[in-house]
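In: from the sequence below, what's the structure:
(one chain, ligands or ions: 1)
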Amino acid sequence: MTPHAPSYYAATANPFPAQPVSQGDLSADVVVVGGGYTGLSAALHAAEAGLSVILLEGKRIGWGASGRNGGQMIPGMRWGAVELVDRFGTDHARRLLEVANAAGEQVRARIARHAIACDLRQGHFHAAAKPAHLEGMRRELDCLNTLLDHGAASIVSAGDVGDYVASPVYHGGMIDKNGGHLHPLNYALGLARAAQAAGVRIFEQSPVTAIDHSGPVVATTPHGRVTARHGVLACDAFMGELDAGLGRMTMPVANYNVATAPLSADQAKALIPSGAAVSDSKFVLNYYRLSADNRLIFGGGEKYSPTPPPDVAGFVRPYLEGVFPQLKGVGIDHAWGGMVGVTLNRLPHFGRIGQSFFAHGWSGHGVLLTTLAGQLIAEAMRGTAERFDLFAALPNRPFPGGPLLRHPLYVAGMLWYALRDRL
Ligand SMILES: Cc1cc2nc3c(=O)[nH]c(=O)nc-3n(C[C@H](O)[C@H](O)[C@H](O)COP(=O)(O)OP(=O)(O)OC[C@H]3O[C@@H](n4cnc5c(N)ncnc54)[C@H](O)[C@@H]3O)c2cc1C
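Out: Residues are numbered from 1 along each chain as shown. The predicted structure follows:
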């Protein structure tokens with residue numbers, strides 16, 4: 001059995017028994033490929049709507065980004081309200097944000113309803129890395145308040161940053177009570193248990209090697225085949241291995257996290273007095289939060305080549321110590337990485353192929369939106385596709401450059417934006 005990648009989360013995972021391998025010919029109303037939040041949520045919502053569901057996970061439930069991420073529940077989408085209004089107009093932007101912002105409430109409701117023990121905490125602080133970024137946040141909040149009855153977010157001036165985070169590098173920020181943080185793997189495992197209770201049959205170690213959408217959906221695994229009326233492709237950064245066309249729409253980017261040794265309760269409180277999740281406004285952002293046992297869980301730096309750095313902790317440490325000089329030399333107990341599926345414009349990519357649905361390309365903003373996506377997919381299967389189609393209509397195009405050049409072109413672009421962080 002492939003274990004979860006070693007991480008703080010794997011070391012503190014709630015028990016979840018290994019699931020069987022898919023064998024022989026099976027059938028269901030729905031076959032879901034991928035056992036991260038998107039697939040689990042689609043399976044759970046479809047089962048609750050009365051459909052029979054089989055979920056096929058190539059490794060273990062939560063093995064992908066859903067079991068390794070920073071746990072930051074960041075409201076909204078990667079594009080802010082101002083950008084959405086500029087591009088789509090006021091009404092369309094409002095509708096998108098209304099649906100996207102429902103995701104936070106939905107995740108909290110799921111956690112409460114299924115009693116998922118995943119260390120849920122309230123609050124997300126978006127820290128301004130430059131004074132101009134704080135001005136941008138003010139405009140963003142004004143726009144949000146005009147579009148929605150928001151009220152949950154407020155601007156924090158440079159002088160008050162210390163109430164939220166004890167770092168000398170920020171120029172203010174925005175605190176949003178609708179945000180928060182959680183233990184990502186335990187949330188995924190909790191969704192899996194809820195899906196099973198709703199009747200979903202889950203198989204692990206069952207990678208789909210081919211999928212046919214030409215009639216009924218047929219998903220082939222090494223030891224079997226599942227035939228279904230509908231398919232759900234929920235493989236995010238790994239989608240290209242299953243469907244080359246969808247793979248061209250995203251770029252897998254490696255991102256790394258560490259968990260420090262536990263801090264004392266006083267040290268932890270002094271570091272992030274608000275207890276909120278924090279992410280900053282850099283292009284290659286730093287994001288961090290406190291775990292339930294008072295470790296700092298810190299993500300920083302991106303690597304555009306597929307090989308991980310030989311020393312992940314050594315790779316992340318300079319970013320951590322840049323934000324918190326007072327933690328110089330702090331012990332690091334766990335270090336790990338994962339693949340983020342990034343689209344060209346950072347908006348997720350939703351759509352249909354025959355009777356199958358897909359949603360991927362969360363661009364590092366998937367903890368909340370994926371649970372919502374699963375619901376929208378299940379709604380669309382039941383014939384109410386209005387909210388799914390709102391997202392399916394978002395503009396997306398493949399990365400330029402063809403198979404040989406797309407990665408080098410992408411790296412050149414990323415390095416340029418990363419350089420701007422330092423200017
Ligand atoms: C290091 C890191 C930090 C992040 N931090 C944050 C954060 O703080 N906040 C935030 O909002 N987002 C964050 N993200 C992004 C977020 O984790 C993802 O957007 C989200 O988890 C995607 O969920 P998913 O279900 O679509 O994909 P995944 O969780 O990646 O699940 C896909 C699953 O499909 C399986 N699979 C793939 N191919 C096949 C196949 N052929 N057959 C069967 N199974 C298959 C994989 O094994 C995997 O389990 C982060 C991501 C990473 C990697």
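In: switch to C-alpha atoms for all contacts and neighbour counts from now on
Out: Will do.
In: for the lengthiest helix in the chain, the averaged confidence score.
Out: As assigned by DSSP state H, the longest helix anywhere in the chain is helix 90-113. Helix 90-113 carries an average pLDDT of 95.
In: for it, buried residues please.
Out: Of the residues in helix 90-113, 90, 93-94, 96-104, 106-108, 110-111 count as buried by neighbour count, 16 or more other CA atoms under 10 Å.
In: are that helix and the ligand in contact anywhere?
Out: No: judged by CA under 6 Å from any ligand atom, helix 90-113 makes no contact with the ligand; its nearest approach is 10.6 Å.
In: pull the residues that contact that helix.
Out: 73, 75-77, 81, 84-85, 116-118, 147-148, 178-179, 187, 190, 368-369, 371-372, 387, 390-391 (CA atoms under 8 Å, 6 or more residues apart in numbering).
In: likewise stretch 135-153?
Out: Against stretch 135-153 from outside (CA under 8 Å, 6+ apart): 80-82, 90, 94, 98, 154-155, 173-178.
In: so of those residues, which ones are in helices?
Out: 81-82, 90, 94, 98.
In: farthest-separated two in those residues?
Out: 82 and 98 (14.4 Å; CA to CA).
In: which strand or helix spans residue 132?
Out: helix 131-147 (DSSP states H and E).
In: one more: residue 180?
Out: Secondary structure from DSSP H and E places residue 180 in strand 173-181.
In: just the buried positions in the helix or strand following that strand, please.
Out: The C-terminal neighbour of strand 173-181 among helices and strands, as given by DSSP H and E, is helix 184-197. For helix 184-197, a neighbour-count test (16+ other CA under 10 Å) marks 184-196 as buried.
In: got the contact list for helix 184-197?
Out: Contacts of helix 184-197 (CA under 8 Å, 6+ apart): 9-10, 13-14, 16, 36-37, 40-41, 43-44, 47, 61-62, 66-71, 111, 114, 116-118, 202, 367.
In: let's go with 7 Å and repeat that
Out: 9, 13-14, 16, 36-37, 40, 43-44, 61-62, 66-69, 71, 114, 116-118 (CA atoms under 7 Å, 6 or more residues apart in numbering).
In: now a PyMOL select for only the buried ones of those residues.
Out: Only the buried entries of these go into this PyMOL selection, using 16+ other CA under 10 Å:
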select buried, resi 9+13+14+36+37+40+43+44+61+62+66+67+68+69+71+116+117+118
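In: residues of the stretch 51-200 of the chain that sit close to the ligand?
Out: 56-59, 61-66, 68-74.
In: which bits of the stretch 251-400 of the chain sit near the ligand?
Out: Counting by CA under 6 Å from any ligand atom, the stretch 251-400 of the chain sits next to the ligand at 255-256, 337-340, 360, 362, 364-368, 370.
In: and the gap between the most centrally placed residue in the chain and residue 248?
Out: In the chain, the C-alpha nearest the mean C-alpha coordinate belongs to residue 366, at 2.4 Å (CA atoms, centre = their mean). Going from residue 366 to residue 248 by CA to CA, to the nearest Å gives 19 Å.
In: ditto for residue 313
Out: Distance from residue 313 to residue 248, by CA to CA: 31 Å.
In: what's the answer for residue 290, then?
Out: Taken as CA to CA, the span from residue 290 to residue 248 is 36 Å.
In: what about the stretch 301-423 of the chain, any weak spots by pLDDT?
Out: Low-confidence segments of the stretch 301-423 of the chain (pLDDT under 70): 306, 402-423.
In: all helices for it, in order.
Out: Along the stretch 301-423 of the chain, counting by DSSP state H, counting those that start in this stretch, helices occupy 312-323, 369-381, 386-392, 402-422.
In: so what does the second one touch, helix or strand wise?
Out: Other helices and strands packing on helix 369-381, by 3 or more CA pairs under 7 Å, 6 or more residues apart in numbering; DSSP states H and E, are helix 37-48, helix 90-113, helix 386-392.
In: export these as a markdown table, with columns for distance to residue 130.
Out: Below are these laid out as a markdown table (distance: least, CA to CA, whole Å):
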| stretch | distance to residue 130 |
| --- | --- |
| helix 37-48 | 33 |
| helix 90-113 | 26 |
| helix 386-392 | 32 |
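In: which of those helices sits closest to residue 221?
Out: helix 37-48 (16.8 Å).
In: quick one: the closest one to helix 369-381, angle?
Out: The directions of helix 37-48 and helix 369-381 differ by 40 degrees, with axes from the mean of the first three to the mean of the last three CA atoms, to 10 degrees as the criterion.
In: starting at the chain centroid, how far to helix 37-48?
Out: Taking CA atoms, centre = their mean, to the nearest Å, one finds helix 37-48 lying 16 Å from the centre of the chain it belongs to.
In: check stretch 122-131 too.
Out: Put simply, stretch 122-131 sits 18 Å off its chain's centre (CA atoms, centre = their mean).
In: and that stretch, end to end?
Out: End-to-end distance for stretch 122-131, by CA to CA: 26 Å.
In: quick one, domains of the protein?
Out: Following the TED database, the chain resolves into domains at 8-68+186-251+345-410, 119-181+253-339.
In: and those as CSV, adding distance to residue 2?
Out: CSV is the format used below for the domains of the chain (distance: least, CA to CA, whole Å):
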stretch, distance to residue 2
domain 8-68+186-251+345-410, 6
domain 119-181+253-339, 16
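In: any idea which of these is most buried?
Out: Highest mean neighbour count of these: domain 8-68+186-251+345-410, a mean of 21 (counted as mean count of other CA atoms under 10 Å).
In: of the contacts of stretch 135-153, which is the nearest to residue 308?
Out: Distances from residue 308 to the contacts of stretch 135-153, taken by CA to CA, are shortest for residue 80, at 31.0 Å.
In: what helices or strands is the helix or strand harbouring residue 267 leaning on?
Out: Here residue 267 sits within helix 265-271, counting by DSSP H and E. With contacts taken as 3+ CA pairs under 7 Å, 6+ apart, helix 265-271 sits against no other helix or strand.
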